[in-house]
Structure formats: structure tokens, C-alpha cells
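K.L.:
What follows is a predicted structure for the sequence shown.
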Amino acid sequence: MSRQSVAKAHQKIQELSWEPQYHEPVSQYGTDYTFHKAQKKDPLKQVLRSYFPMQEEKDNRVYGAQDGAIRGNMFRQVQERWLEWQKLFLSIIPLPEVSAARAMPLLFRTVPNPELHNGQAIQMIDEVRHSTIQQNLKRLYMNNYIDPAGFNNSLRNFQNDYCGTIGRQFAEGFITGDAITAASIYLTIVAETAFTNTLFVAMPAEAAANGDFLLPTVFHSVQSDESRHISNGYATLLMALSDETNHQLLERDLRYAWWNNHRVVDAAIGTFIEYGTKDRRKDRESYAEMWRRWIYDDYYRSYLVPLEKYGLVIPHDLIEEAWNQIWNKGYVHEVAQFFATGWLANYWRIDPMTDKDFEWFEYKYPGWYDKYGKWWENYNRLSTPNGHHPIVAENVDYVYPHRCWTCMVPCLVREDMVMAEVDGQWRTYCHEECRWTDAEAFRPTYQGRETPNMGQLIGKREWETLYHGWNWADVVSDMGYVRDDGKTLVAQPHLNLDPKKMWTLDHLRRMGNVLSPNVLLNEMTDDQRAAFHADYIKQGPGGRPAPAAS
């Protein structure tokens, strides 16, 4: 179709929209935002007649590349360390895609603009396509990789996993609470506009460096749709900005959405890129360097800062603090260490770091070895069973952390941990911003304004609480992370598939029970909690116990 005919077809579609006069429309999805009908344009003017041929061509390239990978014997060359981490990534990422598809109907009744409804409908189709090709990629890995265990059941089980629960709460943020907060600000304005840069651009580059050219093919195909989604979000944002009563909510939601995306996406993608790679070239970018380029410069400075001309207060402090967490506080390294600490409650094998890895980390992050090197040496030493427990139950100068109630990533930067009694329960938070989200932002009243659609963070949100008092062997059995022999764990703290070097349920049976830090916190007296908090914020880096009082 010519550009002119597409524009005409796009205009004609708007005539199909009407407001029924015979009944009062029922609001299916609530929002505290106020919208007025306004002529906000969809700059891409996409219509299905041009959309489907384009997507068909992209799908043909994706599936053609997959066929070429099998014929070219890619799976004999790809790094095992990399593909093991894909068991986590490819189990989680289809859920945010499906949640994003489900999020679009939240906007149909909420945003009174038929032109944007067309773009949102096409985005919904995009998201279903993304989930489909991602799950097909995972299936291809499962069928051809040397160790399919973990790929074969993670889609069914990841929601109760030590790490997967974090991804689940992230994805469900697209479809819960205030419709605009969830489906527009959290999803399109922040997640898709900012963090798909590292998710779908930086990460595929690392995949290729590890011999995996299928993930780049699939995720570049996904990323090529994001311009439409970014456009949907920006147009909706401009409509919201036109009513000054929305500014208070926009500023609240930008703070919440930015911080939660940073805590979850940086934790996951940073770990995959830094600890899932075997590419230790000195001239390749670290995750911190990628983040500075793709998110700080391209998103923050080029997208967020210009919004100030509309009178919106941008969360400059949180963007700077996110960078501070990554560069100065070792956030990604703390997360990777935590993931590896609980390797036995996962469904992939986590490769120990080597001297070559140590050298690269020290080059990119000066002082890394003093903070984390000794722990990773212990991880290597304890990786094969030899009469000892898994590292989580051994004395390696690591204090098991408390979970953050809001983002569910543990409170790993110990100095930032805060506590609060909310709804009659004591909760820990990884940062003051996460406490603010739970105790102030996600409430029926915000700064004196009624916000009944915002929702709350409730339930048993912590993995450890689900299994409090259980034996580790029973936990792993309950999650289903056992191989076909009925005893060998899917997860291993190494890549050696020799049965004599693999951990089994019998090894775990000798350990103590899982104890929920949150349950224990709520059993303390006020004085005990105060002493605990004072000790906790003195711990670290690398989870070290607090220094003994002199």
C-alpha cells in the first residue's frame, strides 16, 4: 500500500467509532485520571492491511533463522553458561508480553480517542506475536540443547520459583490497579520506552557473542515493534498532560514505574549480561556502560527531560540513584550473588566464575574482587557435593537477605534497607522508594486525593514465606525441579553433567528447614526489630556480616 492510501484507510477507520446514545457505558477498568476528548494523533497510522504483510515477512525471517541454526549446528557452538540463564529468561519474558496484550483493553474504554484505539489494538496483536515467537524459541532450545531439563517445565512452574516470582509480580503490574498507571505509565512510558533498550538490544548483542544468534533474531524482531508501542504511550501521556489535575498522578506514577522497572529489569538483564556470558573481551561494554548509553542518555536525557516543558516534575533523583546503585553500590553483582546463593531452588545450572571472569570484573568495576571475589571462590569450591551442604547453608560470610515487599528483589544493598509496619504487618523494603510505593502510592488516598483505583500490594508476596518451615528437599520436590530419575536436581552450581558430581534430594534432606525472614521479623519484639535493623544496614557489601563492635 502507498503511504497516501494507508493514511486514507487509517482516517476511514475512525468513522467506525461511535458513542451509543441508548445506554450509559459502564466503566470496566477504573482510573483516577481525567481525560477529555482531544485530537491526539497516531503518528504511525498503522492499519491491518499494511501491518499483516510486514509482520509475516518478519516471522518468515525469524523461523528461517531458526531452521538455519539447526542446520548450521549452532547448538554445538553456543556457550552452555549462556543458555542455562535462558531457562530463566525465556520462562519469564512471555508473561510480560501476554500481560502487555491484556493491558491494551484497559485503555480502550479509558482513553477517549478512536485513533489511539487503533494503535492499541495493533499493539495487542504485537504482544501476542512476541509471546508466541519467544515461547517457540524456548521450545527450540529445549529440543536441541544438551540439557533440556529446566526448559521443559519452567513455563508451568516459574511463578513459585526463588527468582521467577520476581518476574511474575513485574508482569502483573501491567494489568492491575489503575488502568492508566498500569497499562500506560508503567508499561509503555517506562518499561517499553526505556528498558527494552537493554532487554531487546543490549542483551541480543551478548547472545551473539556467546554463539547464540537465534535470540538476537527473535528479539530484534520484537524490538522493531516497540516504536509503535512507544508512540501509543507518548500520545496517551500528552492527552493526560492536557488536564493539569493529572499532573499529581503522573508524577506519582513516573516515580513508581521508574523505580520498579529499575529494580526488576536491571536485576535480571544485568545478571544475564554480566554473569551469563563467556565473552570477556576488555573492549566490550559492561552492563553499566550499556545502561548509561541506552537508558540514561537515550531515554532520560532525550525523552523524560523534555517533558519538563509541559510542567511535569521528572524524578531526576531516582534516575541518578538508579545509576548510583549500578555503578557505586554493586546492585547487579549483589543480585547475581543472591541468585547463585539459592541455586538449589531454581531450574538452571549456574556456572562458577573463573580467574578470567575475575580479571574482567576487576577491569570493568575496580574493587570488585575485594567485595565479591572470595565468595565466588567459595561457590566454586562448594560446587560439587563432597560431604558439605550447598553454599546457602555453609559459613561463607554471607547473611541471607530479607525480601523487599514491593519489588520482591531482596534488600541486597544493605545500607538502604528500611522497615515499616503496614496494614498490621512489619515489612522490609530494599529502598525508601519501595516503602513509599507500598505505604503511600498504592493507597486509596494519595496526598489528600481520593485514588480508589490504585490497588494495594497484598498476600504472601515472598517466596520464602510460601515454604516457611519446609525441608529444602521437600521444597524442590514441590516445585517440580527434579530430573527424570526422581532424585537429581535440575539446578546445579556447575555445568558438569556427570551424575557423580550432581546434587540430589538426598543431599538437601540433611539441611535445615527454609525459614522466612519476614515471618521471623514479625515474631520479634520492638527492641529486637530495632537491633536487627541496626545490624542489617551495617552489613555488606557482598552480604558480609556487620563488623563486630569494638
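P.N.:
Right, received. Where do you want to start?

K.L.:
What degree of burial does R427 show, as a neighbour count?
P.N.:
25 (other Cβ atoms under 10 Å). All C-beta spots, glycine's among them, are computed from the backbone N, C-alpha and C.

K.L.:
in what helix or strand does the closest residue to it other than its chain neighbours lie?
P.N.:
Of all residues not flanking R427 in the chain, W405 sits nearest, at 4.0 Å (Cβ to Cβ, 6 or more residues apart in numbering). Assigned by DSSP states H and E, W405 falls within no helix or strand.

K.L.:
could you list every residue that touches W405?
P.N.:
V422, R427, T428, Y429, C434, D438, L457, R461, E462, N518 (Cβ atoms under 8 Å, 6 or more residues apart in numbering).

K.L.:
which ones among these are found in strands?
P.N.:
V422, R427, T428, Y429 (DSSP state E).

K.L.:
out of these, what pair is the most spread apart?
P.N.:
V422 and T428 (10.8 Å; Cβ to Cβ).

K.L.:
if we can go back for a sec, quick check, nearest of the ones in strands among the contacts of W405 to D474?
P.N.:
Nearest to D474 among those: T428, at 25.7 Å, using Cβ to Cβ.

K.L.:
Identify the residue spatially nearest to that closest one, adjacent ones excluded.
P.N.:
In space, T428 is closest to H402, 4.1 Å off (Cβ to Cβ, 6+ apart).

K.L.:
what residues are up against the one you found?
P.N.:
Counting by Cβ under 8 Å, 6+ apart, H402 has contacts P410, C411, M417, T428, P517, N518, L521, Y536.

K.L.:
Would you confirm that the fifth one contacts V399?
P.N.:
No. Contact status for P517 versus V399: not in contact, 10.1 Å apart, counting by Cβ atoms under 8 Å.

K.L.:
okay, those two: which has more neighbours?
P.N.:
Shown here are P517 and V399; by other Cβ under 10 Å, P517 has more neighbours (20 against 14).

K.L.:
Let me see the contact set for the more buried one.
P.N.:
Shown in contact with P517 (Cβ under 8 Å, 6+ apart): Y400, P401, H402, R403, T428, E462, E464.

K.L.:
Across the sheet, point out what pairs with the fourth one.
P.N.:
Here R403 sits in beta bridges with P410, as judged by DSSP bridges.

K.L.:
What is the neighbour count of it?
P.N.:
24.

K.L.:
The last one too?
P.N.:
Under the neighbour criterion other Cβ under 10 Å, E464 is assigned a count of 23.

K.L.:
any idea how far S99 is from T110?
P.N.:
Separation of T110 from S99 (Cβ to Cβ, to the nearest Å) stands at 17 Å.

K.L.:
and what of D161?
P.N.:
Where S99 is concerned, D161 sits at a distance of 18 Å (Cβ to Cβ).

K.L.:
Tell me the most packed of the contacts of W405, by neighbour count.
P.N.:
Of the contacts of W405, with other Cβ under 10 Å as the count, C434 tops at 27 neighbours.

K.L.:
I'd assumed Y347 was in contact with K87.
P.N.:
Yes. Between K87 and Y347 there is a contact at 6.0 Å, judged by Cβ under 8 Å.

K.L.:
Let's have the contacts of P517 in CSV, adding pLDDT and distance to H389.
P.N.:
Output for the contacts of P517, formatted as CSV (pLDDT from 0 to 100; distance: Cβ to Cβ, whole Å):
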residue, pLDDT, distance to H389
Y400, 97, 13
P401, 97, 18
H402, 97, 21
R403, 96, 22
T428, 98, 26
E462, 88, 22
E464, 94, 17
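
K.L.:
Switch the residues you listed over to CSV; also include distance to L497.
P.N.:
Converted to CSV, these look like this (distance: Cβ to Cβ, whole Å):
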residue, distance to L497
Y400, 29
P401, 31
H402, 35
R403, 32
T428, 38
E462, 32
E464, 29
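
K.L.:
Now the helix or strand harbouring F532: buried residues?
P.N.:
Following DSSP H and E, one finds F532 within helix 526-536. By 16 or more other Cβ atoms under 10 Å, the buried positions in helix 526-536 come out as R529, F532, H533, Y536.

K.L.:
Show me which pair in those residues is furthest apart.
P.N.:
R529 and Y536 (10.2 Å).

K.L.:
In the protein, where is pLDDT below threshold?
P.N.:
Low-confidence segments of the chain (pLDDT under 70): 1-4, 6-7, 9-20, 23, 25-27, 38-48, 550.

K.L.:
Over to Q539. Which of the three states is it?
P.N.:
Recorded secondary structure, Q539: coil (DSSP: H, G, I helix; E, B strand; the rest coil).

K.L.:
For it, grab the count of nearby residues.
P.N.:
Q539 has 20 nearby residues by other Cβ under 10 Å.

K.L.:
out of everything not next to it in sequence, what's closest to it?
P.N.:
R414 (4.2 Å).

K.L.:
correct me, but that neighbour touches K538?
P.N.:
Yes. The pair R414 / K538 is scored as a contact, 7.3 Å apart, by Cβ under 8 Å.

K.L.:
Could you check which of those two is surrounded by more residues?
P.N.:
R414 (24 against 14).

K.L.:
Relative to F272, how far out is the more buried one?
P.N.:
24 Å.

K.L.:
do F151 as well
P.N.:
Between F151 and F272 the computed distance is 16 Å (Cβ to Cβ).

K.L.:
and if you look at N386?
P.N.:
On the measure of Cβ to Cβ, N386 and F272 end up 29 Å apart.

K.L.:
out of those two, which sits in the busier spot?
P.N.:
Neighbour totals were compared for N386 and F272, and F272 leads with 24 against 8 (other Cβ under 10 Å).

K.L.:
For the nearest residue to R284 once chain neighbours are set aside, give me its contacts.
P.N.:
Nearest non-adjacent residue to R284, counting by Cβ to Cβ, 6+ apart: A209, 6.9 Å away. Counting by Cβ under 8 Å, 6+ apart, A209 makes contact with T277, D279, R281, R284.

K.L.:
measure T271 to K8 for me?
P.N.:
In terms of Cβ to Cβ, T271 sits 49 Å off from K8.

K.L.:
what's the answer for R301, then?
P.N.:
38 Å.

K.L.:
What of D357?
P.N.:
D357 is 58 Å from K8, by Cβ to Cβ.

K.L.:
Checking I146 next. Helix, strand or coil?
P.N.:
Three-state assignment for I146 (three-state DSSP): coil.

K.L.:
for it, phi and psi?
P.N.:
In terms of degrees, to the nearest 10, the main-chain angles of I146 are phi -60, psi -30.

K.L.:
wouldn't it be in contact with Q79 here?
P.N.:
No. Contact criterion Cβ under 8 Å: I146 and Q79 do not qualify, at 11.5 Å.

K.L.:
right, and the helix or strand after the one helix or strand E206 maps to?
P.N.:
Element membership for E206 (DSSP H and E) is helix 203-209. Going down the chain from helix 203-209, the next helix or strand is helix 214-223, by DSSP H and E.

K.L.:
Who are the packing partners of the helix or strand that contains R228?
P.N.:
Using DSSP H and E, R228 falls within helix 226-241. In terms of contacts (3 or more Cβ pairs under 8 Å, 6 or more residues apart in numbering; DSSP states H and E), helix 226-241 is packed against helix 114-144, helix 247-261.

K.L.:
how big is the angle separating the shortest one from helix 226-241?
P.N.:
Regarding helix 247-261 and helix 226-241, their directions subtend 150 degrees when assessed with axes from the mean of the first three to the mean of the last three Cα atoms, to 10 degrees.
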